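Quick one, fold the following:
(one chain, ligands or ions: 1)
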Amino acid sequence: MAKVHELLREGVTYSFEFGPPRTPEMEEVLSRTLVALEPLGPSYVSVTYGAGGSTRERTHELVVSINRSTTMTAMAHLTCATHTRAELAEIIERYRDAGIENILALGGDPPADVELPEGELKYSIELVRLIRSIGDFSIGVAAHPEPHPRSPSHADDRLRTAEKLREADFAITQFFFDAEHYFDLVEAMRAQGVDKPIVPGIMPVTSLRAIERMAALQGSEFPAWLRAKLEAVGDDPKAVRAIGVDEATKLCRTLLDGGAPGLHFYTMNRSTATREIYQALGLTPAH
Ligand SMILES: Cc1cc2nc3c(=O)[nH]c(=O)nc-3n(C[C@H](O)[C@H](O)[C@H](O)COP(=O)(O)OP(=O)(O)OC[C@H]3O[C@@H](n4cnc5c(N)ncnc54)[C@H](O)[C@@H]3O)c2cc1C
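Predicted coordinates for the structure are as follows:
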């Protein structure tokens, strides 16, 4: 077991994100992915949480089982949305009692089509404080290189991000396609005196339609040059993923050259794109 902010202090981290599977078939896919990615020796892996509590048990089980049954360190995501303070405290205490040391504290995006209660904690900074009060965790938060869609302004989002990062140990960003958005975020944090590590989130494009939908949801610009490049190979899924991997590799290089403290890969529970980028970056299992 290891704390993420301590790993970040030791050197560049490489981490992978997974989601708890919903069906036996998806469970099978994830098992194969874990087997394929474990030999790469990630610094840590993380497991998402369904805002609203839809994956409450499954996230817990997957985090604990990765920690117990693999060589990988797992971090749990947790979201405030719709939960009471007491529910969140219980979830955090269970992690503490199971020996989990890392939690990513998030606001959460509960499903819009289901009627759910408000939730007692409004912003992720309150969850950071609650986690801190319960155990000796390494606590991460989300950062949005292109400001969060609910933010009233770019400046306000940068201010809120600095406030929460001051109290957390590190941040992981939403995905983006232009490295300048990331460098602008880091600079804005430094200008406010916040020098905690900010790990860029990397999403390799493997399907044009899927990525456009996700980018629109989270407020990321999907650049016209990348769309044009992908549209040029249109119906050839192999060519689309080759471009996606190539562009993600270039982005990773630019970020590392610019001083990024790590790379966090959104794997979507698949291993191929991440393995290909790893290889293209010349990373060996032991880095
Ligand atoms: C690495 C990563 C992993 C993620 N994993 C998950 C996951 O597992 N499950 C999931 O549901 N979602 C996940 N998300 C998405 C995230 O939950 C959404 O982006 C959500 O809408 C915002 O989360 P946040 O933690 O940034 O929220 P917050 O920090 O609460 O911020 C939300 C909005 O409120 C504003 N704000 C913050 N504090 C204040 C304040 N004090 N006063 C006024 N405004 C304020 C912010 O500027 C922002 O606009 C993830 C995102 C990232 C980057």
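
Quick check, residue 64 in contact with residue 75.
No - counting by Cβ atoms under 8 Å, residue 64 sits too far from residue 75 to count as a contact (11.9 Å). In this view, the C-beta of every residue, glycine as well, is placed from N, C-alpha and C.

between these two, who's got more neighbours?
residue 75 (27 against 18; other Cβ atoms under 10 Å).

Wait, a helix at the more buried one?
No - using DSSP: H, G, I helix; E, B strand; the rest coil, the assignment for residue 75 is strand, not a helix.

beta partners of it?
Listed by DSSP bridges, the beta-bridge partners for residue 75 are residue 46.

For the ligand, see how far away it is.
10 Å (Cβ to the nearest ligand atom, to the nearest Å).

dump the residue contacts of that residue.
4, 15, 44-47, 63, 100, 102-104, 138, 140 (Cβ atoms under 8 Å, 6 or more residues apart in numbering).

circling back: which residues do residue 64 and residue 75 both contact?
residue 100.

one step back: the contacts of residue 75 also near the ligand: which ones?
residue 104 (Cβ under 6 Å from any ligand atom).

Narrow the contacts of residue 75 to those in strands?
Applying DSSP state E to the contacts of residue 75, the entries found in strands are 15, 44, 45, 46, 47, 102, 103, 104, 138, 140.

now those as CSV including pLDDT?
Formatted as CSV, these follow (pLDDT from 0 to 100):
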residue, pLDDT
15, 98
44, 98
45, 98
46, 98
47, 98
102, 98
103, 98
104, 98
138, 98
140, 99
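
Which one of those is nearest to residue 254?
When the ones in strands among the contacts of residue 75 are compared for distance to residue 254 (Cβ to Cβ), residue 15 comes out closest, at 18.6 Å.

And residue 249, how far from residue 127?
34 Å (Cβ to Cβ, to the nearest Å).

Tell me how many other residues surround whatever residue of the chain ends up closest to the ligand.
Residue nearest to the ligand within the chain: residue 107 (2.6 Å; Cβ to the nearest ligand atom). Counted with other Cβ under 10 Å, the neighbours of residue 107 add up to 22.
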